[in-house]
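Peer 1: A predicted structure for the sequence below; I have some questions about it.
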Amino acid sequence: MTSKDHHTPMMAQYWEIKGQHPDALLFYRMGDFYELFFEDAKVASQVLDIALTARGKVAGEDIPMAGIPYRNLDQYLKIAVEAGFKVAICEQMEPPGLTKGPVRREVLRVVTRGTLTEETMLEPGANNFLVAIVPPNKRDEGPALAALDLSTGEFRVALAQSWDHCVGLLSALAPVEVVVVQGWNPPELFNPWKEILTRRPSWEFDLKQARGVLLEHFQVASLEGFGLERSLTGQAAAAALIYYCRDAQRGALNHISGLSVMTSDEGMVLDEACRSHLEINVSLRSGERQGSLRGVLDQTVTAMGSRMFGQWLNYPLQDIDAIGARQEGVAWLLEHGLERDGLRSSLKEVRDLERLLGRIVLRRASPRDLGALRDTLLAFPKLVHFLEAESLSGLLLEVRQGLVGYEPLMARLQSCLVDILPASLKDGPFFRPGFDLELDRLRDLAGGGREGLMRLEAAEREKTGIPSLKIKFHRSFGYTIDITNSHRDKVPYHYQARQTMTGSMRYTTPELKEFEEQILEAEERLAVLEGQLFETILMEVIHYVGDLQRSARQLAILDCLASFAHTAYQRGFCRPLVDGADRIQIVRGRHPVVEVFTEADFVANDALIDGEAHRIGLITGPNMSGKSTFMRQVALIVLMAHIGSFVPAQTAAIGLTDRIFTRVGAADDLAGGRSTFMVEMSETAYILNHATSRSLIILDEIGRGTATYEGLSIAWSVVEFLLTSGRGRTLFATHYHELTALEAMFPGVVNYTVEVRESEGRPLFMHSIIPGAADQSYGIHIAEWAGMPTLVTERAWEILADLQQRERGVVHAPIKPPPPRRRRTKDPAQMTLFPDLPGSAVVAMLADLNPDVLSPREALEAIYRLKGLLGS
């Protein structure tokens with residue numbers, strides 16, 4: 001069926017091109033449409049929700065066909081790519097009719113999730129990373145991964161120590177597509193990304209060729225400057241992405257002008273469990289950014305700044321000097337409020353320069369993109385103005401220096417571009433009058449031709465005496481003279497009839513044909529010249545691309561620092577001391593997220609964890625009292641300090657921390673066949689095996705998923721192991737009150753509890769963390785607050801009293817069963833105040849009501865129900 005012998009020349013051409021892209025939907029340009037045929041058409045009709053039709057036959061069967069208008073390409077391309085399809089875009093390379101046979105066509109681009117560059121298809125504040133993974137090689141190198149955001153040109157290589165480390169990096173990068181070599185089966189750890197894997201031929205990952213590919217691309221003699229000269233796996237991962245993107249883009253990748261290498265000791269390691277438990281990027285409840293740490297801290301005003309903020313948040317620093325440099329910038333902006341506000345206001349005028357440059361280099365820029373570049377450059381002098389203080393230093397000084405030197409380019413764009421620019425080259429003029437003399441001449445000729453047509457129309461009306469005579473343009477016939485049938489007797493003999501209409505006729509004349517040819521020729525030449533001049537301007541901009549990319553990075557840094565300063569000013573954050581000491585000391589710390597969403601004043605708490613007397617903080621206390629919030633609060637403050645942010649505390653001194661581990665909550669892994677307890681034990685084992693003396697460990701309720709004494713034994717031995725191995729500064733929350741005995745047994749364990757006061761026999765949780773140990777957990781009280789039936793909680797109190805007596809050795813008999821609950825019967829001789837009324841129902845309902853926990857609305861509803869029972 002696919003043989004050329006059975007097809008027309010055009011369909012034979014289609015199959016030749018389709019054969020080069022068998023795994024892609026082929027968008028085949030035909031005039032004003034992209035058409036899809038055969039199986040592609042059937043798939044597209046369902047995925048894109050477009051009509052499935054037929055075009056011609058082959059072997060006696062209809063050829064399925066579906067199509068989309070070329071102007072709506074972006075709309076349908078986004079749908080197809082988000083559905084996981086690869087799309088090959090095939091364009092007409094010459095005007096129809098110039099040659100015999102079908103128009104020459106070529107695939108100019110292959111689009112996947114990881115190769116998108118269209119602004120409308122990308123999330124402004126998030127990177128669109130394409131990742132390649134290379135497994136360890138025989139030289140004992142660990143696995144390597146390369147990450148490329150094609151839309152911005154950002155290119156990184158990470159040299160991982162292990163598969164666990166590699167998975168952690170993947171979690172932070174959040175790739176949209178992962179490229180691996182054909183035939184390689186990734187470990188189970190990579191299951192979360194198996195749906196976005198793309199397999200490529202082995203030669204694209206060849207260790208021997210990779211170095212040469214990178215040297216050629218970057219036009220350098222050595223990879224030493226990138227820090228990649230000695231890593232074969234790193235070179236292979238980077239080269240695989242260059243191969244893949246060259247194949248997809250079918251053109252130069254000049255905006256990929258640099259490469260950075262991420263090493264294991266460069267930043268704090270955060271695994272996926274930590275990011276999830278601490279709600280760093282998204283809220284556990286909603287899965288959205290709102291309610292997460294990033295949701296409350298990210299106050300950037302540019303897309304570039306927001307992307308960089310996400311990178312800073314997910315890759316905390318380990319370099320004290322680098323942390324201090326960010327803090328210096330934040331401190332200056334915090335102190336200079338007018339400049340800070342002016343900078344943030346001017347930054348709002350800056351467009352997404354990184355992605356804009358990507359489209360320019362890849363030749364996908366529109367006139368509006370050049371206008372966006374012009375407007376961005378116009379904001380540079382304003383930003384420099386607010387950074388002119390002599391006290392400026394460090395990062396902010398680098399920002400100022402990176403925003404100068406663009407006056408020639410800015411003047412060029414201002415002088416040549418009109419103020420309001422069209423979306424595409426075909427949608428109207430975009431160069432100012434006077435920019436190019438030939439352009440002006442053709443524009444005048446095209447415009448003058450139209451004026452000539454108006455004069456011709458007026459002259460023909462006068463000659464013929466037909467006041468309703470009109471000259472109109474029609475797609476099929478060009479310009480015609482339209483005359484109604486009521487004036488047909490006045491039509492001159494030299495008018496040539498073109499088309500008969502209901503109630504009118506269309507004519508032409510030699511003079512009208514001449515005018516039409518002049519206009520069409522001028523318009524065609526005008527379009528060609530505008531395209532050539534547009535390409536010339538693009539080339540002038542490309543000359544600045546390297547500098548502009550560096551400036552874009554400086555703008556993103558400025559936006560992040562200004563965001564830190566703005567948040568610190570708004571919420572009273574302090575500058576933490578970050579040093580090499582083995583301690584974490586926080587005075588009056590607050591949870592950076594919870595305090596935003598808490599109506600009442602947030603209760604601040606102190607924290608001290610060090611390498612000696614306070615290595616493990618053992619926290620006991622009731623549920624809902626604030627233990628977990630406190631531990632997460634400490635972890636988030638440590639994290640914020642390592643990204644250069646100020647922190648929610650009165651003072652804070654944070655020793656350099658290499659990792660944050662969290663074991664908070666768990667759920668069944670049904671797909672993996674693991675129970676909640678197995679998940680908990682696996683996570684705990686990972687922490688114990690990977691923590692170092694500089695790690696921060698947050699453990700919540702270890703051992704609760706099994707029998708009481710077994711769980712207690714596990715929790716006890718975990719604490720002992722952490723102490724004796726010297727692994728990590730730890731906060732350990734537990735309901736095993738027996739563990740508090742460890743404080744007297746081991747130096748380095750300190751007991752903390754949550755302050756609880758009682759009022760009329762009911763506990764009041766003060767949310768203050770104080771030294772000491774809890775003597776009870778108030779679990780039944782919390783069950784009552786949660787609305788547990790009264791019969792259940794009353795029985796729970798009875799059983800608790802029995803168990804406590806048993807523990808003290810007072811009783812040894814089995815727990816007594818509950819007393820029988822007999823139904824009360826009426827004495828026939830007893831008079832009742834409300835005969836035949838449901839009084840027992842009223843009493844039962846009143847017995848179940850707890851006035852201390854009812855809201856006003858619930859109380860009102862209860863009153864109405866009682867009145868209903870009494871028939872009032």
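Peer 2: Cool, got the structure. Residues are numbered from 1 along each chain as shown.

Peer 1: List the contacts of Asp775.
Peer 2: Neighbouring residues of Asp775 by CB atoms under 8 Å, 6 or more residues apart in numbering: His737. Just so you know, the C-beta spots here come from the backbone N, C-alpha and C atoms, and that holds for glycine as well.

Peer 1: which element is it on?
Peer 2: For Asp775, there is no helix or strand it lies in under DSSP states H and E.

Peer 1: And the pLDDT for it?
Peer 2: Looking at Asp775, its pLDDT reads 72.

Peer 1: domain parsing for this protein?
Peer 2: For the chain, the domain assignment from the TED database gives the residue ranges 9-111, 119-264, 279-387+536-571, 577-775, 840-871.

Peer 1: need the ones you listed in a markdown table with distance to Glu530, can you?
Peer 2: Below are these laid out as a markdown table (distance: least, CB to CB, whole Å):
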| stretch | distance to Glu530 |
| --- | --- |
| domain 9-111 | 17 |
| domain 119-264 | 22 |
| domain 279-387+536-571 | 9 |
| domain 577-775 | 47 |
| domain 840-871 | 67 |
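
Peer 1: Please settle this for me: is Met308 part of a helix?
Peer 2: Yes - according to DSSP: H, G, I helix; E, B strand; the rest coil, Met308 belongs to a helix.

Peer 1: about what we covered before: figure out which of the domains of the chain is closest to Phe435.
Peer 2: Using CB to CB as the measure, domain 279-387+536-571 is the one of the domains of the chain that comes nearest Phe435, at 9.7 Å.

Peer 1: what's the distance between the closest one and the middle of its chain?
Peer 2: Distance of domain 279-387+536-571 from the chain centroid (CA atoms, centre = their mean, to the nearest Å) equals 16 Å.

Peer 1: Stretch 609-623 too?
Peer 2: Relative to its chain's centre, stretch 609-623 lies at 36 Å (CA atoms, centre = their mean).

Peer 1: Buried residues, that stretch. List them.
Peer 2: Across stretch 609-623, burial judged by 16 or more other CB atoms under 10 Å covers 609-611, 614-623.

Peer 1: That stretch - what's its average pLDDT?
Peer 2: Stretch 609-623 carries an average pLDDT of 89.

Peer 1: again with stretch 381-397
Peer 2: Throughout stretch 381-397, pLDDT has a mean value of 93.

Peer 1: what does stretch 318-331 give?
Peer 2: For stretch 318-331, mean pLDDT is 97.

Peer 1: what's the answer for stretch 241-258, then?
Peer 2: What stretch 241-258 shows for mean pLDDT is 91.

Peer 1: can you check stretch 596-606 too?
Peer 2: On average, the pLDDT along stretch 596-606 is 87.

Peer 1: tell me what the longest helix along the chain is packed against?
Peer 2: Scanning the chain for the helix with the most residues, using DSSP state H, yields helix 510-542. Under the contact criterion of 3 or more CB pairs under 8 Å, 6 or more residues apart in numbering; DSSP states H and E, helix 510-542 touches helix 353-361, helix 367-385, helix 407-416, helix 437-464, strand 478-484.

Peer 1: what's the most buried one of these?
Peer 2: Highest mean neighbour count among the helices and strands packed on helix 510-542 (mean count of other CB atoms under 10 Å): helix 353-361, with a mean of 24.

Peer 1: List of residues touching that helix?
Peer 2: Applying CB under 8 Å, 6+ apart, the external contacts of helix 353-361 come out as 117, 119, 122, 150-154, 252-255, 303-304, 307, 365-366, 369-370, 372-373, 376, 538, 541-542, 545, 548-549, 551-552, 555-556.

Peer 1: Having no further points to raise, I will conclude here.
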